[in-house]
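Peer 1: Output the structure for:
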Amino acid sequence: MAWYENFFDEWYLKYWVQPITAERTNREVDAIIRYLELTPQSQVLDLCCGQGRHSLELARRGFQVVGYDLSDTLLDHSRSVAQAEGLNVEFVKGDMRELPYTDQFDGIFNFYTAFGYFEHDHENQAVLDVIGCALKPKGRFLLDYPCLEGRMPNWKTQEYFEYDDGTIMLHEMLHDTFNQTIKNNVLYITKDNHRHRTGFTLRHYYGRELRQCLANAGMNFLAAYGDLDGNPLTNRDTRVLVLAQKQ
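Peer 2: Got it, this is the predicted structure:
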């Protein structure tokens, strides 16, 4: 079983995203609206929507949004929140390589390191290909992605977090420079010493590679930003926002 088929489970929902604040989500949604040039009439796709924090906030602001993800656990959570708040948002289960849409969305975004999941480059290219297909002509795509150039000078191979209930997460990050992959090993240890091992692997793409992949998918590269405010990307930035537009 591929890592992405079981990593996004109840442990992920309870612990991995716990440090993310509502303020951060609101700032990210502000940026999504701005860079995708969304209007209330826009059709928006949140690709790999996870627990729905961006989809739900967009729906609260009146946008027409579809959240697309593979995890039943996260989709069930998203749907329950939408139902409880009376939000009009559609959550769809599916593989990101197989989007069933053509010329439908004014904007598509992929946030929180949800690209590069697949071992083979043609599979990651397939994700961008279906994004290009799903966008309307001149529709925009926004990718939030790690910037390895900015991370490497202060690269940590290990880190840990302690949560409110006493659970500890140990996180090991192994960078294979030759294959441009980052293997993440994760161990949760609860207060009563229950242990849960999981992990994920990401294929990292440098800027020139991403530009070529976008072009292969029929999208023009527009900009790369070093933060949500649109400042130019530098070698000190640890994340990058990549903006592209369908030809």
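Peer 1: most distant residue from the middle of the chain?
Peer 2: Residue farthest from the centre of the chain, counting by CA atoms, centre = their mean, is residue 192 at 32.2 Å.
Peer 1: Next up, the contacts around it.
Peer 2: By CB atoms under 8 Å, 6 or more residues apart in numbering, the contact list for residue 192 is empty. C-beta: built from backbone N, CA, C; applies to glycine.
Peer 1: and it, how far is that from residue 117?
Peer 2: As judged by CB to CB, to the nearest Å, residue 192 and residue 117 stand 33 Å apart.
Peer 1: Would you map the strands across this protein?
Peer 2: Listed in chain order, the strands of the chain (DSSP state E) span residues 43-47, 64-69, 90-93, 105-110, 135-146, 158-162, 168-176, 181-189, 195-203, 219-225, 239-246.
Peer 1: so residue 47 makes contact with residue 68?
Peer 2: Yes: using CB atoms under 8 Å, residue 47 is in contact with residue 68, at 5.4 Å.
Peer 1: what do those two both touch?
Peer 2: What both residue 47 and residue 68 touch, as defined by CB under 8 Å, 6+ apart, is the set 96, 99.
Peer 1: Contacts for the least confident helix or strand in the chain by mean pLDDT next, please.
Peer 2: One helix or strand of the chain scores below all others by mean pLDDT, DSSP states H and E: helix 148-151, with a mean of 82. With contact meaning CB under 8 Å, 6+ apart, helix 148-151 is reached by 175, 204, 206, 234-239.
Peer 1: what do you get for stretch 226-236?
Peer 2: Residues contacting stretch 226-236 (CB under 8 Å, 6+ apart): 27-28, 30-31, 35, 147, 149-150, 223-225, 237, 239-241.
Peer 1: Apply 10 Å and report the result again.
Peer 2: Stretch 226-236 is touched from outside by 24, 27-32, 34-35, 144, 147, 149-154, 207, 223-225, 237-243, with contacts defined as CB atoms under 10 Å, 6 or more residues apart in numbering.
Peer 1: what's the offset of it from the middle of its chain?
Peer 2: 18 Å (CA atoms, centre = their mean, to the nearest Å).
Peer 1: likewise stretch 165-182?
Peer 2: That offset, for stretch 165-182, works out to 17 Å (CA atoms, centre = their mean).
Peer 1: Between the two ends of that stretch, what distance do you get?
Peer 2: 29 Å (CA to CA, to the nearest Å).
Peer 1: Name the residues of it that are buried.
Peer 2: Residues 167, 169, 171, 173, 180, 182 are the ones in stretch 165-182 that count as buried (16 or more other CB atoms under 10 Å).
Peer 1: Those residues: which two are farthest apart?
Peer 2: Within those, 167 and 180 form the most distant pair, 32.0 Å apart (CB to CB).
Peer 1: so who does the closest residue to residue 10 other than its chain neighbours touch?
Peer 2: Closest residue to residue 10 apart from its sequence neighbours, by CB to CB, 6 or more residues apart in numbering: residue 73 at 6.0 Å. Counting by CB under 10 Å, 6+ apart, residue 73 makes contact with 6, 8-13, 50-51.
Peer 1: Try it again at 7 Å.
Peer 2: By CB atoms under 7 Å, 6 or more residues apart in numbering, the residues touching residue 73 are 8-10, 13.
Peer 1: picking that back up, so which of the strands of the chain is nearest residue 1?
Peer 2: So among these, strand 195-203 is nearest, using CB to CB, at 11.8 Å.
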